[in-house]
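>>> Sequence and predicted structure below; questions after.
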Amino acid sequence: MATFEQQTERVVEALFLDLLGDDESDCRSLETDSAAALSAPEPVWVARDPPTQFDPVIVASRLRRMGDQCNMDFERVSSEALVEVLKGKMEKFGAAVDALSRSWHDQNPELVYERAFLCVSVKLLIHIAKKVPAMVRPSHLTEVINGNSRVRNYIEACGGWVRM
C-alpha cells in the first residue's frame, strides 16, 4: 500500500495528464467510471460498499469536479499572495491557496475549510495552467496538499484518497 504522500503524488500526476494531455481518449472520467459501475450486474450490497482499490485517475477526476465547484474569479480577487502567483512566483502558491480557501470558506460557512482548500487549489492550478502552462508543476499541488495537516487529516478521516 502506498503512503498518503505517494498517493497524493499519483493523483496530482493523473490530474496533470488530464489537464495537459492532448489525447482525451486516454483519460477516463468519473462519469464513465461511475456509469460502468452502475451498469455492472452486481448485487446491490456490493455497489454500496466503499471502494477498496486506489485509482488515481478516478480521484483526479473527482478533484477536478471539486475544482469546477469553485466560482472564484482569480483576476478579480484581492490577495497579495495570489497577485504574486499570477506574476509567476509559484513559491507563493500555498499561501495563495490558503488565503483564498479561508475567504471562500468565510463566504460559504457550510463548506468545510478542507474541502474549500481542495476546490480552490485545483481551480487555481487549472487557471494558471491555462494561462502559463510552463509555470505549473505537479509538485506545486502535491506539496500544498501534503503540507497541510488539516487537509491530510480530513482526507484520511474520509477514508483516504480512495473514498474522497
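Now that the structure is in, tell me what you want to look at. Residues are numbered from 1 along each chain as shown.

>>> Check the model's average confidence along stretch 154-164 for me.
Across stretch 154-164, pLDDT averages out at 92.

>>> what comes into contact with it?
4, 7-8, 11, 50-54, 56, 59, 62-63, 112, 114-115 (Cβ atoms under 8 Å, 6 or more residues apart in numbering). In short, each C-beta sits where N, CA and C put it, glycine included.

>>> from the residues you listed, which would you call buried?
7-8, 11, 54, 56, 59, 62-63, 114-115 (16 or more other Cβ atoms under 10 Å).

>>> Tell me the buried residues in stretch 60-70?
Neighbour-count burial for stretch 60-70, counted by 16+ other Cβ under 10 Å, picks out 60-64, 66-67, 70.

>>> chain center to it: distance?
6 Å (Cα atoms, centre = their mean, to the nearest Å).

>>> Same check on stretch 95-103?
Worked out by Cα atoms, centre = their mean, stretch 95-103 lies 15 Å from the chain centre.

>>> quick one: average pLDDT of that stretch?
The pLDDT scores in stretch 95-103 average 95.

>>> CA atoms of that stretch as CSV?
This file holds the C-alpha atoms of stretch 95-103, laid out as CSV (Å, rounded to 0.1, in the frame of the first residue of the first chain):
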residue,chain,number,x,y,z
ALA,A,95,-0.1,30.9,0.7
ALA,A,96,-2.5,32.0,-2.1
VAL,A,97,-4.5,28.7,-1.8
ASP,A,98,-4.7,29.0,2.0
ALA,A,99,-5.8,32.7,1.8
LEU,A,100,-8.4,32.1,-0.9
SER,A,101,-9.7,28.9,0.8
ARG,A,102,-10.2,30.8,4.1
SER,A,103,-12.0,33.6,2.2
